[in-house]
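In: need a structure here:
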Amino acid sequence: MSDQLVIAGRAFNSRLIVGTGKYRSFQEMSLAHAASGADMVTVAVRRVNLTDKSKESLLDYVDREKIFILPNTAACYTADEAIRTARLGREVGLSNWVKLEVIGDQQTLFPDTEQLIEATRVLVKEGFVVLPYTNDDLIAARKLIDADAAVAMELGADGVLMNTAIAEAQDAVLMAEAMRDAVIAGRKSYLAGRMPKRLYASASSPLSGVVR
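Out: Now for the predicted structure:
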């Protein structure tokens, strides 16, 4: 049975999306991408070399035949900054998709939802496929689950996006494998249909027919 993640008509075989930052080397990043099984990775437009082809770039280590690049607007603090960054990513040929981030607080990285919504409105009108980064503000967006990969998938999340948990692990490649397996296991658990939660314990063995 096919169980692909479909966004804006595009199908992805993996429900794990990974990032490109914080790795100790581009080589390690590439190995972790392969181990994760992900076929979509995020790239911070403002933190990657897009113009000087003589210098090494993380894009040189992303197999674009197998992996779809999702530009993001990391380090943007206003709608205008995020809009310009998204446009730049499209202009240099990354994608017309964008993981839209408009940060409201540098310490917590909570979004500025007012600016996020404004940037979303503009970019959608310009033909972007916008994946907004937000918190569990029910007014601004659907509630998002902030939990570990297996639990999030088990609860019915469509996918999991992570970077730091993999990149900063002592063995990033092994952690990428672990998160791949966690997402797969969680998705299978959700599709299988979890038993309902119970307030009290219930014996696993039936009580009927017990010899007394």
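
In: show me the beta-bridge partners of the residue positioned nearest the centre of the chain.
Out: Among the residues of the chain, the one closest to the centroid is L161, at 2.0 Å (C-alpha atoms, centre = their mean). Here L161 sits in beta bridges with I17, going by DSSP bridges.

In: settle this for me: it is touching T42, isn't it.
Out: Yes - counting by C-beta atoms under 8 Å, L161 does reach T42; the two are 7.1 Å apart. All C-beta spots, glycine's among them, are computed from the backbone N, C-alpha and C.

In: so for these two, which residues contact both of them?
Out: Counting by C-beta atoms under 8 Å, 6 or more residues apart in numbering, the contacts common to L161 and T42 are 17-19, 99.

In: tabulate these (JSON lines), appending neighbour count.
Out: Formatted as JSON lines, those follow (neighbours: other C-beta atoms under 10 Å):
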{"residue": "I17", "neighbour count": "23"}
{"residue": "V18", "neighbour count": "27"}
{"residue": "G19", "neighbour count": "25"}
{"residue": "K99", "neighbour count": "22"}
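
In: show me the two of those that sit farthest apart.
Out: Using C-beta to C-beta, the pair of these lying farthest apart is V18 and K99, separated by 11.9 Å.

In: next one: the closest residue to A44 other than its chain neighbours from L199, what distance?
Out: In space, A44 comes closest to A74 once its chain neighbours are excluded; the distance is 4.0 Å by C-beta to C-beta, 6 or more residues apart in numbering. Distance, A74 to L199, using C-beta to C-beta, to the nearest Å: 43 Å.

In: compare those two and say which is more crowded by neighbours.
Out: Taking neighbours as other C-beta atoms under 10 Å, A74 and L199 compare with A74 leading, 20 against 4.

In: can you pull the pLDDT of K197?
Out: Note on K197: pLDDT of 80.

In: what does it show for phi and psi?
Out: phi -70, psi 150 (degrees, to the nearest 10).

In: how about the CA coordinates for whichever strand or helix holds A182, as PDB?
Out: Assigned by DSSP states H and E, A182 belongs to helix 172-192. The C-alpha coordinates for helix 172-192 follow below in PDB (Å, rounded to 0.1, in the frame of the first residue of the first chain):
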ATOM      1  CA  ALA A 172      24.900  12.100  13.500                       C
ATOM      2  CA  VAL A 173      24.600   9.300  10.900                       C
ATOM      3  CA  LEU A 174      23.400   6.800  13.400                       C
ATOM      4  CA  MET A 175      20.900   9.300  14.900                       C
ATOM      5  CA  ALA A 176      19.600   9.900  11.300                       C
ATOM      6  CA  GLU A 177      18.900   6.200  11.000                       C
ATOM      7  CA  ALA A 178      17.200   6.200  14.400                       C
ATOM      8  CA  MET A 179      14.900   9.100  13.400                       C
ATOM      9  CA  ARG A 180      14.100   7.400  10.100                       C
ATOM     10  CA  ASP A 181      13.000   4.300  12.000                       C
ATOM     11  CA  ALA A 182      11.100   6.300  14.600                       C
ATOM     12  CA  VAL A 183       9.100   8.100  11.900                       C
ATOM     13  CA  ILE A 184       8.300   4.800  10.100                       C
ATOM     14  CA  ALA A 185       7.300   3.000  13.300                       C
ATOM     15  CA  GLY A 186       5.200   5.900  14.500                       C
ATOM     16  CA  ARG A 187       3.400   6.100  11.200                       C
ATOM     17  CA  LYS A 188       2.700   2.400  11.200                       C
ATOM     18  CA  SER A 189       1.300   2.700  14.800                       C
ATOM     19  CA  TYR A 190      -1.000   5.400  13.700                       C
ATOM     20  CA  LEU A 191      -2.300   3.500  10.700                       C
ATOM     21  CA  ALA A 192      -2.800   0.400  12.800                       C
END
